[in-house]
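Colleague: this one's sequence-less:
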């Protein structure tokens with residue numbers, strides 16, 4: 001099976017050795033936030049929160065990058081509490097991740113989608129201003145489960 005993450009990472013990145021097969025880098029509770037019908041479409045994953053923590057302890061860090069095998073694309077996956085006040089935190093996590101990943105990703109690589117999945121009760125409604133802020137930041141809030149309908153046609 002293809003390894004989109006390994007191909008996307010620079011050879012000298014310490015993240016190369018942290019890439020796991022399938023959704024192996026995700027905590028069990030976080031795997032459960034990806035619908036079972038699409039779990040097999042992800043070929044590799046890396047916990048960037050944990051593996052980019054050293055030296056960046058005070059930074060907001062995105063949780064995971066996941067390689068989508070069908071399209072050879074990389075997506076960001078962030079399980080996080082879904083309260084209106086947390087939107088700015090999730091936006092900051094993405095901004096920080098983009099900065100931190102510059103030293104690890106090949107220059108031609110871009111993250112095709114950034115998904116925020118509710119890790120508990122959702123405390124905002126779709127028409128709230130927060131959804132617009134997320135869209136402007138390039139983050140898709142997908143509710144409590146990442147499903148096939150959320151995966152863009154990235155091929």
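Modeller: Everything's here; your move. All values reported here derive from a predicted model rather than from experimental measurement.
Colleague: what's the single longest strand in the protein?
Modeller: What stands out as the longest strand in the chain, according to DSSP state E, is strand 111-123.
Colleague: Not counting that one itself, show me its contacts.
Modeller: For strand 111-123, contacts defined as Cβ atoms under 8 Å, 6 or more residues apart in numbering pick out 29-30, 33-34, 62, 65, 68, 71, 73-84, 90, 94, 98, 101, 134, 138-146, 150-152, 154. Quick note: C-beta positions are derived from backbone N, CA and C, even for glycine.
Colleague: Only the buried members of the residues you listed: can you turn that into a ChimeraX selection?
Modeller: Of these, the buried ones go into a single ChimeraX selection, burial set by 16 or more other Cβ atoms under 10 Å:
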select :30,33,34,62,65,68,71,73,74,75,76,77,78,79,80,82,90,94,98,101,134,139,140,141,142,146,150,151
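Colleague: just checking, which of the contacts of strand 111-123 belong to strands?
Modeller: Using DSSP E, these in strands are 65, 68, 73-83, 140-141.
Colleague: which two in those are spaced the farthest apart?
Modeller: 73 and 83 (29.4 Å; Cβ to Cβ).
Colleague: coming back round to it: report the mean confidence score over the longest strand of the chain.
Modeller: In this model, strand 111-123 carries a mean pLDDT of 92.
Colleague: Could you list the buried residues of that strand?
Modeller: 111-118.
Colleague: With stretch 90-110 instead?
Modeller: Those would be 90-91, 93-94, 96-98, 100-101, 104-105, 109, for stretch 90-110 by 16+ other Cβ under 10 Å.
Colleague: a markdown table please, covering those and showing distance to residue 20.
Modeller: Output for these, formatted as a markdown table (distance: Cβ to Cβ, whole Å):
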| residue | distance to residue 20 |
| --- | --- |
| 90 | 23 |
| 91 | 27 |
| 93 | 21 |
| 94 | 22 |
| 96 | 22 |
| 97 | 18 |
| 98 | 22 |
| 100 | 19 |
| 101 | 17 |
| 104 | 16 |
| 105 | 17 |
| 109 | 19 |
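Colleague: wait, which of the residues you listed is closest to residue 54?
Modeller: residue 100 (11.1 Å).
Colleague: give the contact list for that closest one.
Modeller: Residue 100 sits next to 48, 52, 56, 59, 61 when contact means Cβ under 8 Å, 6+ apart.
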